[in-house]
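J.: model this:
(chains A and B)
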Amino acid sequence: MKKHLLSAADLTREDAELVLATADEMRSLADRPIKKLPALRGRTVVNLFFEDSTRTRISFEAAAKRLSADVINFSAKGSSLSKGESLKDTALTLEAMGCDAVVCRHGASGAPHRLANSGWVRASVVNAGDGTHEHPTQALLDAFTMWRHLGPRNGGTLDGLRIAIVGDVLHSRVARSNALLLHTLGAEVTLIAPPTLLPVGIHSWPVETSYDLDAVLPKADAVMMLRVQRERMNGGFFPTAREYSRRYGLDGRRMATLQDHTIVMHPGPMVRGMEITADVADSARSVIVEQVTNGVAVRMAVLYLLLGGSEPAVGTTDGADA
Amino acid sequence: MTSYLIKGARILGGEPTDFVIEEGVIRLAGVDTGAGARSSTSGDLETVDATGLIALPGLVDLHTHLREPGREDAETVLTGTQAAAMGGFTAVHAMANTEPVADTAGVVEQVWRLGREGGYCDVYPVGAVTVGLAGERLAELGAMADSAARVRVFSDDGHCVDDAVLMRRALEYVKAFDGVVAQHAQEPRLTEGAQMNEGELSGRLGLAGWPAVAEEAVIARDCLLAAHVGSRLHVCHVSTAGSVEIIRQAKASGWNVTAEVCPHHLLLTDELATSYDPIYKVNPPLRTAADTEALRAALADGTIDIVATDHAPHPLEDKDCEWAAAAFGMLGLETALSVVQETMVDPGLLTWAEVAERMSYAPARIGRVSDHGQPLEDGAPANVVLYDPSVRRVVDAAESVSLSRNTPYAGMELPGRVVATFLRGKPTVLDGKLA
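T.: Next up, the predicted model:
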């Protein structure tokens, strides 16, 4: 693996499969009475969050703590950032204090890239979501969830599986990272959205696109619904929330056209009644809650692999005899 | 006043010629170049060995940001004109987006006077079209035209005069004093929050797109307006292949439209944004390789009349940050001629005589500057640049004489070097250094 995880494109198929396999080991910890490993004892992980994101931050925090790392949470609110301190000065401060990994969430696309490549910090940088660019650990946890559910009936891989990603692709870092990673892992991705919410130049992405959700659903092995922010209506991307829901929302009627094995996913937070109805979100097909559990395991795997874990992280019995 | 004997210079790339610069003018005829050569007047005569150097008329930039008054941390009239001299320029047009805005006779006269006092390069202030660049009502264009600065070029550069009625009135009004409106063509609604060229890369990088159509739609409208009211339009920093086609049609129709291209749009492409380094953030943005090709061809065939630098200094902190937070703009004065050699002369698209047309004669004509942009003939004002096209250099931002360091060419190897610049017979640069 590279030193930083900035984009899903940084991962080769081999890298991605190593993350999934490592995450699988990490996930087995969840069944143990003591859910903690000594792997990153003495290492410091900083969660540098310039944007509010409770779920992603606590997921990274839980992951680092379960690996025994020291965790520092640094968020824009209540820190010098709200007083106008620059990204550079924040980075230099962290560097001066000493840290091994910086998990960065930022509203500006490319900010983690700047952090990693400007010589401001020596630590590994993990992109925890930057603007409308990427969110690679979300894509890894999504792939991990698909792999656990669909892998066993597909030779243990995602090769040839049909994944439908529906919603605001234009502004979605989740869609970008998923399109790249799922392609790397051999899946066939279709992005479904109104034409106003697909970026210019999407023809160059390794995906299919469609404006017609009903045509895609019956063939899909997994359906991922993206959050649609109501503010987008102000930009005139679509006429009304109701019209959006009618054309691109996943409701019980549409769910009935899915194959029996097809799973329904959502990166959260959901807008129930907008892109997904409550009955679908709470149905047996929904793996939305499990995505959260898998998020911790995948982020443990990423931190472990980036911070130089070459030995197996999880012993065959428990840590003491391994 | 010292006189100069320039030996062996190739005027416009022609045969080696000797000429004398004395009393602020060029003497070509009857030059005594022997060992005992003396100035015909009482002063000293200094010999400059110009073997292998190209002599061009002093360059004229129609689009420079000198930042003074208001942002003296980025550039001053003095440092900006020093950078201009180092780039071979003897005249620059200083854009109006200062603080306060150059929208009154007082501000344009201040900028004009600061240029005179510095003595490195003549400064022709550009007047704002609208009060405070706000795009709401016309500034006192006539007062600026009648001031000591004799303003002829008016622009809200940095902002587009997007109101069609206001643009029409501006085009009409400046006819009274033979002015020209230089439009920054950018449809504001299509470019809200825009960060880079809209295309394949903006989608991939998650940076809000600046579509070509936002430039082209305004240029098309302005060309039609200029034709309708019979006025002069100048199009700033043309950046797309589509804009070139619209301007080509306007010229074919006989409309009074001129256009400029910036050196960076001739050489650099949007691929550079993949670094997320805002040193490459500029407005209009770097476009695709196909656009740079079209711009080069248009500059070669005359569809685009001139090269203008859009020299835009910014302090380090405005570029040493995340892309979206960074300022738009890049330095250009000191590297313009090298970039034109690299993109136009070396590939055989322009001769040195045509470079003189596009970087000196034509911009002086558009700006109605009578003291610059004249052929290097006997008796002409001695605004001269001596340029060595044979060397190559790696651009080092630290060597810039500008107060700012935001050159996108740092670390790149470019051809050529300005050896000397003369402003009305007085050297502003000698031996490649400020004189």
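
J.: the stretch 151-300 of chain B against chain A: which residues are in contact?
T.: The stretch 151-300 of chain B has residues B:195, B:198-209, B:211, B:275-277 near chain A, with proximity defined as C-beta under 8 Å from any C-beta of the partner chain. The C-beta positions use only the backbone N, C-alpha and C, and glycine is treated the same way.

J.: let's go with 7 Å and repeat that
T.: B:198-200, B:203, B:205-207, B:209, B:276 (C-beta under 7 Å from any C-beta of the partner chain).

J.: residue of the stretch 201-322 of chain A closest to chain B, please.
T.: Using C-beta to the nearest C-beta, the closest approach of the stretch 201-322 of chain A to chain B is made by residue A:201 at 3.4 Å.

J.: and the strands in chain A?
T.: When assigned using DSSP state E, the strands of chain A occupy the ranges A:44-49, A:70-75, A:101-106, A:124-130, A:162-166, A:188-192, A:208-210, A:222-225, A:263-265.

J.: pick out the shakiest of the ones you listed, pLDDT-wise.
T.: For the strands of chain A, the bottom mean pLDDT is recorded on strand A:70-75, which sits at a mean of 91.

J.: can you list the strands that it pairs with?
T.: Note on strand A:70-75: by DSSP bridges, its sheet partners are strand A:44-49 (parallel).

J.: strand A:101-106 and the strand it pairs with, what's the angle between them?
T.: Between strand A:44-49 and strand A:101-106, the angle comes out at 0 degrees (axes from the mean of the first three to the mean of the last three C-alpha atoms, to 10 degrees).

J.: strand A:44-49 vs strand A:124-130, what angle?
T.: Going by the same axes, to 10 degrees, strand A:44-49 makes 20 degrees with strand A:124-130.

J.: okay, strand A:44-49 in PDB with CA atoms only?
T.: Below are the C-alpha coordinates for strand A:44-49, written out as PDB (Å, rounded to 0.1, in the frame of the first residue of the first chain):
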ATOM      1  CA  THR A  44      -0.900   8.500  17.800                       C
ATOM      2  CA  VAL A  45      -3.800   9.000  15.400                       C
ATOM      3  CA  VAL A  46      -5.300  12.500  15.000                       C
ATOM      4  CA  ASN A  47      -8.800  12.900  13.800                       C
ATOM      5  CA  LEU A  48      -8.600  16.300  12.000                       C
ATOM      6  CA  PHE A  49     -12.200  17.200  11.200                       C
END
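
J.: before we move on, back to that, okay, the strands of chain A in a markdown table with distance to residue B:105 next?
T.: Compiled in a markdown table, these are given as follows (distance: least, C-beta to C-beta, whole Å):
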| stretch | distance to residue B:105 |
| --- | --- |
| strand A:44-49 | 51 |
| strand A:70-75 | 51 |
| strand A:101-106 | 46 |
| strand A:124-130 | 48 |
| strand A:162-166 | 60 |
| strand A:188-192 | 57 |
| strand A:208-210 | 57 |
| strand A:222-225 | 61 |
| strand A:263-265 | 65 |
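
J.: any idea which of those strands gets closest to residue B:325?
T.: strand A:101-106 (10.1 Å; C-beta to C-beta).

J.: what comes into contact with the closest one?
T.: A:45-51, A:53, A:56, A:60, A:94, A:111-112, A:115, A:121, A:123-131, A:303, A:306-307, B:322 (C-beta atoms under 7 Å, 6 or more residues apart in numbering or on different chains).

J.: restricted to helices, list the residues of the stretch 151-300 of chain B next to chain A.
T.: Taking DSSP state H, the ones among those that sit in helices are B:200, B:203, B:205.

J.: of these, closest to residue A:137?
T.: Nearest to residue A:137 among these, with distances taken as C-beta to C-beta, is residue B:205, at 18.8 Å.

J.: how many other residues sit next to the closest one?
T.: Neighbours of residue B:205 under the rule other C-beta atoms under 10 Å in any protein chain shown: 25.

J.: ok, residue B:285 next?
T.: Residues contacting residue B:285 under the criterion other C-beta under 10 Å number 26.

J.: if I pick it, what's in contact with it?
T.: B:196-197, B:210, B:270.

J.: near chain B, which residues of the stretch 151-300 of chain A? Just list them.
T.: With C-beta under 7 Å from any C-beta as the criterion, the stretch 151-300 of chain A meets chain B at residues A:173, A:176, A:199-202, A:204.

J.: actually the stretch 1-150 of chain A, not the one I typed
T.: Within the stretch 1-150 of chain A, the positions near chain B by C-beta under 7 Å from any C-beta are A:86-88, A:106, A:108-111, A:113-114, A:131-134.

J.: do that again at 6 Å, thanks
T.: A:86-88, A:108-111, A:113-114, A:131-133 (C-beta under 6 Å from any C-beta of the partner chain).

J.: and the least confident of the residues you listed?
T.: Lowest pLDDT among these: residue A:86, 83.

J.: about what we covered before: most neighbours among the residues of the stretch 151-300 of chain A next to chain B, please name it.
T.: The most crowded member of these, judged by other C-beta under 10 Å, is residue A:176 (28 neighbours).

J.: so how far is stretch B:95-106 off the chain centroid?
T.: Mean-position distance between stretch B:95-106 and its chain equals 19 Å (C-alpha atoms, centre = their mean, to the nearest Å).

J.: OK, contacts around the residue of the stretch 1-150 of chain B found nearest chain A?
T.: Residue of the stretch 1-150 of chain B nearest chain A, by C-beta to the nearest C-beta: residue B:73 (15.8 Å). Going by C-beta atoms under 6 Å, 6 or more residues apart in numbering or on different chains, residue B:73 touches residue B:315.

J.: C-alpha coordinates for the longest helix anywhere in chain B, PDB please?
T.: Using DSSP H, we find that the single longest helix of chain B is helix B:212-229. Extracted C-alpha coordinates of helix B:212-229, given in PDB (Å, rounded to 0.1, in the frame of the first residue of the first chain):
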ATOM      1  CA  ALA B 212     -16.300  27.100 -21.600                       C
ATOM      2  CA  VAL B 213     -19.800  28.200 -22.500                       C
ATOM      3  CA  ALA B 214     -19.700  30.700 -19.700                       C
ATOM      4  CA  GLU B 215     -17.000  32.500 -21.500                       C
ATOM      5  CA  GLU B 216     -18.200  31.900 -25.000                       C
ATOM      6  CA  ALA B 217     -21.800  33.100 -24.400                       C
ATOM      7  CA  VAL B 218     -20.600  36.500 -23.100                       C
ATOM      8  CA  ILE B 219     -18.100  36.900 -26.000                       C
ATOM      9  CA  ALA B 220     -20.800  36.200 -28.500                       C
ATOM     10  CA  ARG B 221     -23.200  38.700 -26.900                       C
ATOM     11  CA  ASP B 222     -20.500  41.400 -26.600                       C
ATOM     12  CA  CYS B 223     -19.500  41.000 -30.300                       C
ATOM     13  CA  LEU B 224     -23.100  41.400 -31.300                       C
ATOM     14  CA  LEU B 225     -23.500  44.500 -29.100                       C
ATOM     15  CA  ALA B 226     -20.200  46.000 -30.400                       C
ATOM     16  CA  ALA B 227     -21.400  45.500 -33.900                       C
ATOM     17  CA  HIS B 228     -24.900  46.900 -33.100                       C
ATOM     18  CA  VAL B 229     -23.600  50.200 -31.600                       C
END
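
J.: listing partners with orientation, what would you give for the helix or strand that that helix is followed by?
T.: Note on helix B:212-229: by DSSP states H and E, the next helix or strand toward the C-terminus is strand B:233-235. If you go by DSSP bridges, strand B:233-235 pairs up with strand B:180-183 (parallel), strand B:257-261 (parallel).
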